[in-house]
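*Asks:* Requesting a structural model of the entry that follows:
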Amino acid sequence: MKSIIAIALLAASLGSTAALAQNMTADDLKWINRCIADNKGEAGATPEIIRAYCVCMNEKMDNNETQSITQWEKSHPAERKACDKQAGWR
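*Replies:* So this is what the prediction gives:
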């Protein structure tokens, strides 16, 4: 019985990950990867935390934004604070 529940939970989590991946464009991925590189080595940030932060920030930005996430976050402190909290950082 436990294995059936575990399989069901795994399938549900993979399904939601697949849905997220389908909504992410190549442009989104480019900006997220740049954000990850910009934040590499930041104090208190594991790769997972940085990725979660960058994905969160990317989702908050308008699709027509031309600034990088690193540039945009400087003029959007409320969004940065929300993503810090969501990612478990800072």
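*Asks:* so what's the most centrally placed residue in the chain closest to, chain neighbours aside?
*Replies:* By C-alpha atoms, centre = their mean, the mean C-alpha position of the chain lies nearest to V55, the distance being 2.0 Å. The shortest distance from V55 to any residue other than its chain neighbours is 5.9 Å, reached at I32 (C-beta to C-beta, 6 or more residues apart in numbering). No exception for glycine: its C-beta is placed from N, CA and C like everyone else's.
*Asks:* element containing that neighbour?
*Replies:* Assigned by DSSP states H and E, I32 falls within helix 26-39.
*Asks:* Mind giving me the packing neighbours of that helix?
*Replies:* helix 47-60, helix 69-74 (3 or more C-beta pairs under 8 Å, 6 or more residues apart in numbering; DSSP states H and E).
*Asks:* Now it: buried residues?
*Replies:* If you call a residue buried by 16 or more other C-beta atoms under 10 Å, then helix 26-39 has these buried ones: 28, 31-32, 35-36, 38-39.
*Asks:* Now stretch 74-90: buried residues?
*Replies:* Buried residues in stretch 74-90 (16+ other C-beta under 10 Å): 76, 79-80, 83-84, 87, 89.
*Asks:* now E79, what's its secondary structure?
*Replies:* Following DSSP: H, G, I helix; E, B strand; the rest coil, the label given to E79 is helix.
*Asks:* need the contact list for it.
*Replies:* If you count contacts by C-beta atoms under 8 Å, 6 or more residues apart in numbering, E79 has them with 57, 60, 73.
*Asks:* Looking at these, state which has the most neighbours.
*Replies:* The most neighbours of any of the contacts of E79, using other C-beta atoms under 10 Å, belong to M57, which has 25 neighbours.
*Asks:* can you tell me which residues contact that residue?
*Replies:* M57 sits next to 35, 69, 72-73, 79-80, 83 when contact means C-beta under 8 Å, 6+ apart.
*Asks:* so where is this structure shaky, pLDDT-wise?
*Replies:* 1-22 (pLDDT under 70).
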